[in-house]
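Peer 1: my questions are about this predicted structure, shown below with the sequence.
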Protein chains: 6
Amino acid sequence: MKFELENSAEVKDKIRRLGAAILPIGAVEAHGPHLPLGTDNLLAARLADKLAERTDSFVLPTLPYGQVWSLRNFPGSINVSNEALIRLLADIGESLYQQGFRIFIMVNGHLGNAAALKEAARILYERVPALKVFYFFYPGTKEITAEVREASAAHGTYMHADEIETSYMLYLAGEYVDMSKAIDGAPHIPFDADFTPTPWEEMTASAVLGDATLATREKGERIIQRSLDVMAEMVLRAKKAL
Amino acid sequence: MKFELENSAEVKDKIRRLGAAILPIGAVEAHGPHLPLGTDNLLAARLADKLAERTDSFVLPTLPYGQVWSLRNFPGSINVSNEALIRLLADIGESLYQQGFRIFIMVNGHLGNAAALKEAARILYERVPALKVFYFFYPGTKEITAEVREASAAHGTYMHADEIETSYMLYLAGEYVDMSKAIDGAPHIPFDADFTPTPWEEMTASAVLGDATLATREKGERIIQRSLDVMAEMVLRAKKAL
Amino acid sequence: MKFELENSAEVKDKIRRLGAAILPIGAVEAHGPHLPLGTDNLLAARLADKLAERTDSFVLPTLPYGQVWSLRNFPGSINVSNEALIRLLADIGESLYQQGFRIFIMVNGHLGNAAALKEAARILYERVPALKVFYFFYPGTKEITAEVREASAAHGTYMHADEIETSYMLYLAGEYVDMSKAIDGAPHIPFDADFTPTPWEEMTASAVLGDATLATREKGERIIQRSLDVMAEMVLRAKKAL
Amino acid sequence: MKFELENSAEVKDKIRRLGAAILPIGAVEAHGPHLPLGTDNLLAARLADKLAERTDSFVLPTLPYGQVWSLRNFPGSINVSNEALIRLLADIGESLYQQGFRIFIMVNGHLGNAAALKEAARILYERVPALKVFYFFYPGTKEITAEVREASAAHGTYMHADEIETSYMLYLAGEYVDMSKAIDGAPHIPFDADFTPTPWEEMTASAVLGDATLATREKGERIIQRSLDVMAEMVLRAKKAL
Amino acid sequence: MKFELENSAEVKDKIRRLGAAILPIGAVEAHGPHLPLGTDNLLAARLADKLAERTDSFVLPTLPYGQVWSLRNFPGSINVSNEALIRLLADIGESLYQQGFRIFIMVNGHLGNAAALKEAARILYERVPALKVFYFFYPGTKEITAEVREASAAHGTYMHADEIETSYMLYLAGEYVDMSKAIDGAPHIPFDADFTPTPWEEMTASAVLGDATLATREKGERIIQRSLDVMAEMVLRAKKAL
Amino acid sequence: MKFELENSAEVKDKIRRLGAAILPIGAVEAHGPHLPLGTDNLLAARLADKLAERTDSFVLPTLPYGQVWSLRNFPGSINVSNEALIRLLADIGESLYQQGFRIFIMVNGHLGNAAALKEAARILYERVPALKVFYFFYPGTKEITAEVREASAAHGTYMHADEIETSYMLYLAGEYVDMSKAIDGAPHIPFDADFTPTPWEEMTASAVLGDATLATREKGERIIQRSLDVMAEMVLRAKKAL
């Protein structure tokens, strides 16, 4: 399933047969003391592997650099611009289409990339209309997350290095988690954080936006499996419609 | 040494101490029947690891997409534009500088990226003059390669999936090479290929530009070690000069 | 409060005194049979007027063109790109700063503009860090809207020409609403609409995403007043902090 | 005639029938003590209304931000770049064409926009050749202006807040003029002002480039009516040629 | 005076002493049967030489490619975009400033370049405010041209390959004029040519916009000398002000 | 053969007959005490003339500004960006194609332009695939240069103002060489100059990278003639293939 490990002589038929390519995309970003900088890359890559198995698709090599505006001033974060990301993703998508792919699935492990992914998808909609493009950031997990979580969410839209994301890691890449360093981060989210540019150093020193100590592998598994169900259904429908 | 596996709480001091970050950059590109599409990524990543060990530097996650104009029409190649690449690399470099790095080393496994890397390095020279930027594509290997090679080179500047590159792979990532499929590709290089845009389908059907059957692990090791010597010396000098 | 009606000879002192400029931004976009194409412009402009009164700020002339990708194929919609919008907004913000303003408030009447506004705000954060930039799209209305609405929401994030938006219009610009033409639009939202580019002609013929017949002036007033409270508090805090 | 007040359900046929859309474009710019900052917007909007009546065309909402390089340092001016303006106008024109319009008329109230309008028109000429694009800045008024004016012109090409422009305002938007504050501005136009970038603070303190006290409603009416005749004839010819 | 013929070892002091660099800029463009395609380049270059003599300035090599939108479909015309031109000119200006020049004079032989030159000058005004930038297109010649011309002007703003421009050539580059082929071109200028993109094939088959047979060396000399007086005065004033 | 001296009335047939246009491109750049700043322009222009004679092609006016990053800080150098150059060259190529040319030959006298020329050629390959584009920098001269040169080369790839380039000048533009000022420049090329941005002031004070005193007209003639043979063969083959 690893596209990178195929060879050119044999890949052409496989592309025609599979039709779909999954691009994991993450970021290098501060994730507190208990999670590695590459958390979003690890999550995206492993989630992509599982989705590939379920849908008989290729997995492309992970794009490991993302838009990390909010946390860019935290130690270890590497930030790239939306502009660079959009161009690169549109180029990749167009090239995949030229190669014969008809479905391009971006499995995103970092919320900060969302705007770039959506814009790239729209650019591809104009350039190569016959390419179906998905951008996924744990779709279909709202209800199951509400069920699963013990601590209340720090924020309505994003979660970061908290109970939930740490649980994802415990399930998908547990060997990189050090739960002995997990903390209960109590972010002070400024009144206007959603309505004015707000670097996260104004709300947290640790980058842990919640109680990471509550994370478990089981919680992660339940949410991730639900998301996989949802993603797989969408991809399989798209494959049928080819 | 894997930057991605560090955590934010501890990485700051290490950045200050090490000072240097190595970015492996490759491509997804046709490499004949015996080598995988991700050959350039594998080479760049493993070479970066060795350079990191020698120079006590961080290795960043591999950037696995490159400018593959010449081979873009071969099965499995994914091509991105110079423009996208330049912006992304300049963003990464600037962000590394903000993080405290003072040396940024691009270890390039794909010759097609060379123009973009050089341009990105010059942009960084203006934006963050205190950041020393290297762009390496097997530097210092001209003489040793001439000594080592048995078949004559198909071209003065580039080699691709041939005796030399296959030897690199046998040394650095032998588990991905299938020598039973290695062929002696005899490219017909058009008269004017260096002076007019020439997609490689005009010169080869296999993308193997030479006699891959002559490749050995030992040849690869000799050249790669020489290149490592040269790179390490440059990086260590730069570190001393900090 | 209308900045446009000030004259140059007297405006300088007022800018210094007021410190804040409000830019209403909307779009020309299909809003069903009962609402005009300029609905988002009317809402943004009148909301801006009310916010200006509460916060003693200037109101700039309305920017009446927005990113209308989803509805661009509906009769009457005019679509401009994120790229054009971002540049224009960043230019306006920078110019306001040069004029002496220290707070720049974008009151947005069209959700499609949200990504462009956020990006423009971040660009201004780099270029003119001393300028506080807000981007508002009916902030703080989640709970009150849930209380007020009778029909369930068609979608978790957006509402369009439905019970809620029609109520806004009845309160803020009732003279432009023709309730005799209001319909109960029952959108068929495709399974994957949030995860792949989906023009709205795939989900609705009328562009009415809900039951517009349930709209009332009172509903609109309750939600809008709540939002005004929230916005005014943010702006007044920012003024105090100057 | 106000496009913005149409509704989507009925507008399609009207677009087909009328065929032409008029975009008023102005600026927020210092216009001396007797005229408001939005003078160019008011003039463009009202002139557009009159042209629409004469030619049975739609009027789009006014684009109220323009390129104000020369006066950008005067209190109240808001300056946007040619680049932003060109992109936005080209987007609007392309979208109008997609909507079924075949004639796009930019009625410009601010000379500083002229270069951007011309460039946008040429871009549209390539992208959508079947769209006829006009850019008007009081066309056909040279002779009548020479007849009408009492004071000699301060400059061969531009007039600003002077006898002529103030007369336009008295005719088109007299309720916003305060003739009691009108002055006789005696600009000192530097020797090389037309041949080197010259912000207007080098030539005037008031931004009044002439004797505004000589302005009358009648003068304005005579010139504006002439210009309307000329514009209407061009538009009607273009309509006939559809 | 030819900058190009200086050598690096000695030029530094001369730059400091002279302070001013003149860039002739023209175009390759159809100029009827009696004038060469390079007419605008020849005029710009020779005018620049004369201006250099009068003002003790350097002449840079001629930039021989210009924006030729209107005549691009005529045999022999080469058209480049405003965008390319603006960037190139801004780069040249910035580099001249780094070299020590404080006055940068663009002597333009082709009216189509005017918008690009003005924009480049404004960009330089921001980037290197201490560089005085002039853009000249036969300045100060309005009255003398009216006196000199026998045939009436075809258009208020531009002249092309007609009595006037041919006279310039007879004076400045007579060896390239073939008066035996000069014609009286009677352009049919469309009613709306100044207000909508109008390629010149709609108004003339010859590209001669007037009566070229009336051209004389003396007419050319009188106008050109006047223009030289005006340009020299501006440049010398600027030199004094350094 | 000078395209610039053709007239529009007759050029159309000649374009069809000749089919090929040669663009000399150079730079204004420091070339030591014995060679003029315009050396690369002179070389490119005269080489282009000779190639035109051999291949019956048109010569376009010389583009005299190039990318001079490495030497930009030397007295007299004028540097333009790759970006500006690429756009301009792509515009010129596209316009030539519209004019009826089917072969576009860039004869480059300055190595620093090479990346821009290659990129422009690739852009043209997409935009106007039927246009054959060459980019030549003394092709086919490796062996003959090795034979001819007395001093060893300072660098593997580039030569500058040294024995070789001075010999070119003695042959092609001897009247601009002052051999009495020729020196033996002994560059100190830093260890890492090929792998990190390295302005040439770090390696030479004179910009002479070799022993210019060894230059002779005969050496220049031998190499240039060889290169002409190689270029002419490529162009003539391309002409035959039309």
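Peer 2: Ah, there it is.

Peer 1: what's the closest non-adjacent residue to residue A:159?
Peer 2: In space, and not counting its chain neighbours, residue A:159 is closest to residue A:165: 5.6 Å by CB to CB, 6 or more residues apart in numbering or on different chains. To be clear about C-beta, it is placed using only N, CA and C from the backbone, and glycine gets the same treatment.

Peer 1: and the one you found, how many neighbours?
Peer 2: Applying other CB atoms under 10 Å in any protein chain shown, we find 26 residues neighbouring residue A:165.

Peer 1: tell me the confidence at the closest residue to residue A:39 other than its chain neighbours?
Peer 2: Once flanking residues are discounted, residue A:39 sits nearest to residue A:31: 4.4 Å by CB to CB, 6+ apart. For residue A:31, the pLDDT comes out at 98.

Peer 1: which residues sit in contact with the spatially closest residue to residue A:160 that is not a sequence neighbour?
Peer 2: Of all residues not flanking residue A:160 in the chain, residue A:209 sits nearest, at 4.5 Å (CB to CB, 6+ apart). Counting by CB atoms under 8 Å, 6 or more residues apart in numbering or on different chains, residue A:209 touches A:154, A:155, A:158, A:159, A:160, A:161, A:162, A:185, A:187, A:203.

Peer 1: any buried residues in the top helix by length along chain A, and which?
Peer 2: In chain A, taking DSSP state H as the definition, the longest helix is helix A:217-240. Neighbour counts using 16 or more other CB atoms under 10 Å in any protein chain shown place A:217, A:219-224, A:226-228, A:230-232, A:234-235, A:238-239 of helix A:217-240 among the buried residues.

Peer 1: how much space separates the residue nearest to residue A:159 from chain F?
Peer 2: Plainly put, residue A:165 is 39 Å away from chain F if you go by CB to the nearest CB, to the nearest Å.

Peer 1: again with residue A:230
Peer 2: 39 Å.

Peer 1: also residue A:76?
Peer 2: From residue A:76 to chain F the distance is 25 Å (CB to the nearest CB).

Peer 1: doesn't residue A:28 make contact with that residue?
Peer 2: Yes. With contacts counted by CB atoms under 8 Å, residue A:76 reaches residue A:28, the gap being 6.9 Å.

Peer 1: shared neighbours of those two, which are they?
Peer 2: With CB under 8 Å, 6+ apart, residue A:76 and residue A:28 have common neighbours A:37, B:3.

Peer 1: show me which of the contacts of residue A:209 are buried.
Peer 2: Among the contacts of residue A:209, the ones that count as buried by 16+ other CB under 10 Å are A:154, A:158, A:159, A:160, A:161, A:162, A:185, A:187, A:203.

Peer 1: so which of those residues sit within helices?
Peer 2: Per DSSP H, those never map to helices.

Peer 1: still on that earlier bit, could you tell me whether the residue nearest to residue A:39 really is in a strand?
Peer 2: No. Read with DSSP: H, G, I helix; E, B strand; the rest coil, residue A:31 is coil and lies in no strand.

Peer 1: phi, psi for it please.
Peer 2: Per-residue torsions, residue A:31: phi -130, psi 40 (degrees, to the nearest 10).

Peer 1: with residue A:151 instead?
Peer 2: According to degrees, to the nearest 10, residue A:151 has phi -80, psi 150.

Peer 1: from residue C:193, how far off is it?
Peer 2: Separation of residue A:151 from residue C:193 (CB to CB, to the nearest Å) stands at 31 Å.

Peer 1: again, but for residue A:13
Peer 2: Going from residue A:13 to residue C:193 by CB to CB gives 33 Å.

Peer 1: neighbour-wise, which of those two wins?
Peer 2: residue C:193 (17 against 11).

Peer 1: list the contacts for the spatially closest residue to that one that is not a sequence neighbour?
Peer 2: The shortest distance from residue C:193 to any residue other than its chain neighbours is 6.5 Å, reached at residue C:203 (CB to CB, 6+ apart). Listed by CB under 8 Å, 6+ apart, the contact set of residue C:203 reads C:187, C:188, C:189, C:190, C:193, C:209.

Peer 1: can you read off the pLDDT for residue A:46?
Peer 2: 98.

Peer 1: in which helix or strand would I find it?
Peer 2: Following DSSP states H and E, one finds residue A:46 within helix A:39-55.

Peer 1: tell me what that helix is packed against?
Peer 2: strand A:20-25, strand A:58-59, strand A:103-108, helix A:163-173, helix A:217-240 (3 or more CB pairs under 8 Å, 6 or more residues apart in numbering or on different chains; DSSP states H and E).

Peer 1: can you tell me the SS state at the residue nearest to residue A:176 when sequence neighbours are not counted?
Peer 2: For residue A:176, ignoring the flanking residues on the chain, the nearest one in space by CB to CB, 6+ apart is residue A:36 at 5.1 Å. At residue A:36 the chain is in coil, as set by three-state DSSP.
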